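>>> Take this sequence and fold it.
(2 chains)
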Protein chains: 2
Amino acid sequence: MQTGDGFRSDKGSRLDRWLGSYAARTHGMTASEIRALFAVASRPEVVSLAGGMPNLSALPMDVVSRSVAGLVDRKGSVALQYGSGQGDPELRRRILDVMAPNQVTAHPDDIVVTTGSQQALDLVTRIFVDPGDVVLAEAPSYVGALGVFRSYQADVVHVPMDEEGLIPEALSETLIALRRAGRRVKLLYTVPNYHNPAGVTMAAHRRPQILEITRRFGVLVMEDDPYGLLGFDGDPLPAMRSLDDDGVIYLGSFSKTFAPGFRVGWAVAPHAVREKLVLASESAILCPSSFSQMAVSTYLAEHDWKHQIGLFRELYRERRDAMLQALHDMLPTSNWTNPQGGFYVWVQVPDGLDTKAMLPRAVTARVAYAPGTGFYTDGQGRDYMRLSYCYPTPERIREGVRRLAGVIDEELEVQATFGPAPRSNRIGSSFESPGPDLS
Amino acid sequence: MQTGDGFRSDKGSRLDRWLGSYAARTHGMTASEIRALFAVASRPEVVSLAGGMPNLSALPMDVVSRSVAGLVDRKGSVALQYGSGQGDPELRRRILDVMAPNQVTAHPDDIVVTTGSQQALDLVTRIFVDPGDVVLAEAPSYVGALGVFRSYQADVVHVPMDEEGLIPEALSETLIALRRAGRRVKLLYTVPNYHNPAGVTMAAHRRPQILEITRRFGVLVMEDDPYGLLGFDGDPLPAMRSLDDDGVIYLGSFSKTFAPGFRVGWAVAPHAVREKLVLASESAILCPSSFSQMAVSTYLAEHDWKHQIGLFRELYRERRDAMLQALHDMLPTSNWTNPQGGFYVWVQVPDGLDTKAMLPRAVTARVAYAPGTGFYTDGQGRDYMRLSYCYPTPERIREGVRRLAGVIDEELEVQATFGPAPRSNRIGSSFESPGPDLS
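From the prediction side, this is the model:
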């Protein structure tokens, strides 16, 4: 509502003198409706199966403490100073070792260090996406990526997955339809390993098929791989980047294999793209934190990080097992995926239930999850929820699922008596930021 | 040049398969011509008066070392974890104390912590500026801010300054002309204290005058104040934010008063704007580094940071004095400003000289500076250069000015013999990123 003096009311609550000044990209930025609920869900009595926070209990704090102190003692004048926009050369060399198990080969010059891989997502989108361009994303897809795409006014088009990840035929059909409609498709965003939120992994045989399709249609692949080293069985799969140097931007992160508190991620990009990424990053933040980068680098140099990742794998595998067992024992009316690594399982609740509408009742029953609709831009996902097994203990996971089963049973009873509950509103095109705890 | 197969050549050098895919905003992103020169200028034999790196020699490394180790020991599971998008509440409370000398009063909820104040510049521009909108900036202006404005496709219009900073009458005339031309003016970007690059300070009596004008024209002020506590004489001036809560976004930074290596800055914004900034920051980086924020917070808690800033002031004052004395002794043909704080002096060279064209010869003579044109978007500044006195010792500063005087004398001789040198190209509208060392 606009009043005569140029002041407008901000959804009836509070005057915002600048409401008429925001950029077009800002109009869709609204806080998620479920944000307030997550504040409640962070209370200790609630079992949160909603967040994506890594479990740092296995991290050797004494090692980290000594290493950051030694860093200041030995290299303080560099670690506390501005650094290069592209990132610390020593860290970039060490990142090559970290990517070796996924068979990514690169030169340190191909790497751009970012403030978490979220910044890499932002920068890639910034340099490629004009308003109205199409970004393809799996259905469902990482909520933080969807937020970035919407903030650059991209149209996100979802491509279906199955238990083997993104379906090549569906990708091809989608691209043909978009070409026919005259749409400009810039990026395919994918999380091939231990998908967030779906908990599935793109089969090895599908990777070259998908790259053949994206190459044919001139679409750049953004391969987001924060969980690639956190597989529970066998060797890591080769990254898509290992199959196509020039058609894939690979995003990596230390947030899940070391610690998110330093905010260190990276992108591996084709040469010319990498130059643009560096310029865009300098504009966004000047340079990533020297201290954070050198802290990670020192940790990698002084600690047996591969063994440490092995410990994390065991910790998450134990929790994955507890989660699947609990689902098997207590949610017989639901379906779920079978994650081979990573943090998440994707659960389909019985027909007619709406996980977003049900969430307040779940929180009242002291269990929280991430409702499915947040992982789509088109209103899909009402009968899905993402459960995280990364953070709570196995006992708490079991207790959380027990509470969740109680809530679902009650919902089904209500439904049997009164018919399906009214659906919650579609998410539509507004940019809902769920906050970092949903990452 | 586009060839039949969809590949294009990248300025004739290297194929960029993705050249046809970049967003419109990316087309102007090119590395600065002087970037390569600065790589040379970083050699130890060159006296660099070009960079803006703070002098960390006065920083007590033992204090910092103990404090980061203690942080991991006592609060590692929080410091190494994801945090809130808005920033650590404890740090936000402490920032209030840091702003008190500039008379900024706020609530911790009004503060958004950012990855250096560069990120705050980026986020404010992101939420307010549509392509083609006008951003007003002082003439000259901070090169990193101009880069941000161009990356969002803003039209930067420069407003003249004099020794008392931005000229209110000129601001008013510019706004009237822009209104007549039907232009949409979103922001006034200003560095009121110890200006980068101009080395002048906005007089206290002008601050309310300028705010009266921006209020009248509905223009939001972005007050960038990284040097506010680094004045050499008297008490700090009241920030513009202290005079207008609702019309000013205040940007602060720990990069010049503590250490840039942590990349911690902040914005103080009106309530509704602050909410948008948090959403935009979550989209850009999820959350700022918990470790960096808590390291700064711990330093502020455990160390006498006010005394430390006093030491920095003395260190920079001594270097400012050395610079002004050297200019007085050795550059009689030039004019310069008289900085009362901060890092920079702005030098006007004799008529007919072109500081950008002269830079390669200066680097050959083992002295570097920042040529004036980089601080404008409209090709002004050929006869200006920015000299930084923050980093070298007083002796090196004097030696650098001696070398510079030799270069200028040679240029003047050549000019007397052959006439003025050909002008270098205009910067025009391309986005030249000079890299972090020019900050």
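
>>> Next, find the distance separating residue A:276 from chain B.
6 Å (CB to the nearest CB, to the nearest Å). (C-beta placed from N, C-alpha, C; glycine too.)

>>> The closest residue to that residue other than its chain neighbours: helix or strand, and which one exactly?
Nearest non-adjacent residue to residue A:276, counting by CB to CB, 6 or more residues apart in numbering or on different chains: residue A:127, 4.7 Å away. According to DSSP states H and E, residue A:127 maps onto helix A:116-128.

>>> Counting by contacts, list what that helix packs against.
For helix A:116-128, the contact count by 3 or more CB pairs under 8 Å, 6 or more residues apart in numbering or on different chains; DSSP states H and E identifies strand A:111-115, helix A:143-151, strand A:185-190, strand A:220-224, strand A:248-253, strand A:264-268, helix A:271-285, helix B:271-285 as packing neighbours.

>>> Ok, which of those comes nearest residue B:315?
Closest approach to residue B:315 among the helices and strands packed on helix A:116-128 is made by helix A:271-285 (26.5 Å; CB to CB).

>>> Pull that closest one out as PDB, backbone CA atoms only.
Below are the C-alpha coordinates for helix A:271-285, written out as PDB (Å, rounded to 0.1, in the frame of the first residue of the first chain):
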ATOM      1  CA  HIS A 271      40.500 -21.400 -17.900                       C
ATOM      2  CA  ALA A 272      38.500 -18.500 -19.200                       C
ATOM      3  CA  VAL A 273      35.600 -19.100 -16.800                       C
ATOM      4  CA  ARG A 274      38.100 -19.200 -13.900                       C
ATOM      5  CA  GLU A 275      39.300 -15.700 -14.900                       C
ATOM      6  CA  LYS A 276      35.800 -14.300 -14.700                       C
ATOM      7  CA  LEU A 277      35.200 -16.100 -11.400                       C
ATOM      8  CA  VAL A 278      38.200 -14.400  -9.900                       C
ATOM      9  CA  LEU A 279      37.100 -11.000 -11.100                       C
ATOM     10  CA  ALA A 280      33.600 -11.600  -9.800                       C
ATOM     11  CA  SER A 281      35.000 -12.800  -6.400                       C
ATOM     12  CA  GLU A 282      37.200  -9.700  -6.100                       C
ATOM     13  CA  SER A 283      34.200  -7.600  -6.600                       C
ATOM     14  CA  ALA A 284      32.200  -9.600  -4.100                       C
ATOM     15  CA  ILE A 285      34.700  -9.900  -1.200                       C
END
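
>>> pLDDT of stretch A:107-125, averaged?
Mean pLDDT, stretch A:107-125: 98.

>>> Skipping adjacent residues, who's closest to residue A:128 in space?
Leaving aside its chain neighbours, residue A:128 sits nearest to residue A:186 (4.8 Å; criterion: CB to CB, 6+ apart).

>>> Tell me, how many residues neighbour the one you found?
Residue A:186: 26 surrounding residues under other CB atoms under 10 Å in any protein chain shown.

>>> close enough to count as contact, it and residue A:135?
Yes: under the criterion of CB atoms under 8 Å, residue A:186 makes contact with residue A:135 at 6.2 Å.

>>> my guess is residue A:208 contacts residue A:243, does it?
Yes: counting by CB under 8 Å, residue A:208 touches residue A:243, with 5.7 Å between them.

>>> The helices and strands packed on helix A:116-128 into a markdown table, with extra columns for distance to residue B:212?
Listed next are these as a markdown table, based on distance: least, CB to CB, whole Å:
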| stretch | distance to residue B:212 |
| --- | --- |
| strand A:111-115 | 38 |
| helix A:143-151 | 34 |
| strand A:185-190 | 45 |
| strand A:220-224 | 48 |
| strand A:248-253 | 48 |
| strand A:264-268 | 45 |
| helix A:271-285 | 32 |
| helix B:271-285 | 20 |
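
>>> Show me which positions of stretch A:335-343 end up buried.
A:336-337, A:339-343 (16 or more other CB atoms under 10 Å in any protein chain shown).

>>> and those residues, which of them are in strands?
Using DSSP state E, the subset of the buried residues of stretch A:335-343 located in strands is residue A:336.

>>> between the buried residues of stretch A:335-343, which is nearest chain B?
Ranked by distance to chain B (CB to the nearest CB), the buried residues of stretch A:335-343 are led by residue A:343 at 12.8 Å.

>>> residue contacts, the closest residue to that closest one other than its chain neighbours?
Spatial nearest neighbour of residue A:343, chain neighbours left out: residue A:390 (3.9 Å); criterion: CB to CB, 6+ apart. By CB atoms under 8 Å, 6 or more residues apart in numbering or on different chains, the contact list for residue A:390 reads A:51-55, A:316, A:319, A:343-344.

>>> Show me where the stretch 301-439 of chain A has its strands.
According to DSSP state E, counting those that start in this stretch, the stretch 301-439 of chain A carries its strands in the segments A:335-336, A:344-348, A:367-368, A:370-371, A:384-388, A:431-433.

>>> okay if I get these as JSON lines plus mean pLDDT?
Listed next are those as JSON lines, based on pLDDT from 0 to 100:
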{"stretch": "strand A:335-336", "mean pLDDT": "98"}
{"stretch": "strand A:344-348", "mean pLDDT": "98"}
{"stretch": "strand A:367-368", "mean pLDDT": "96"}
{"stretch": "strand A:370-371", "mean pLDDT": "94"}
{"stretch": "strand A:384-388", "mean pLDDT": "97"}
{"stretch": "strand A:431-433", "mean pLDDT": "41"}
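
>>> for those strands, which one sits closest to chain B?
Set against chain B and scored by CB to the nearest CB, the strands of the stretch 301-439 of chain A come closest in strand A:431-433, at 4.8 Å.

>>> Would you indicate which residues of stretch A:405-417 are buried?
Per 16+ other CB under 10 Å, stretch A:405-417 contains these buried residues: A:405, A:407-408, A:411-412.

>>> Can you flag which of the residues you listed belong to helices?
Among the buried residues of stretch A:405-417, the members found in helices (DSSP state H) are A:405, A:407-408, A:411-412.

>>> Got the phi and psi for residue A:381?
Recorded main-chain torsions at residue A:381 are phi 100, psi 10, according to degrees, to the nearest 10.

>>> For it, give its distance to chain B.
Distance, residue A:381 to chain B, using CB to the nearest CB: 20 Å.

>>> I'd like to check which residues are in contact with that residue.
Contacts of residue A:381 (CB under 8 Å, 6+ apart): A:140, A:355, A:371-375.
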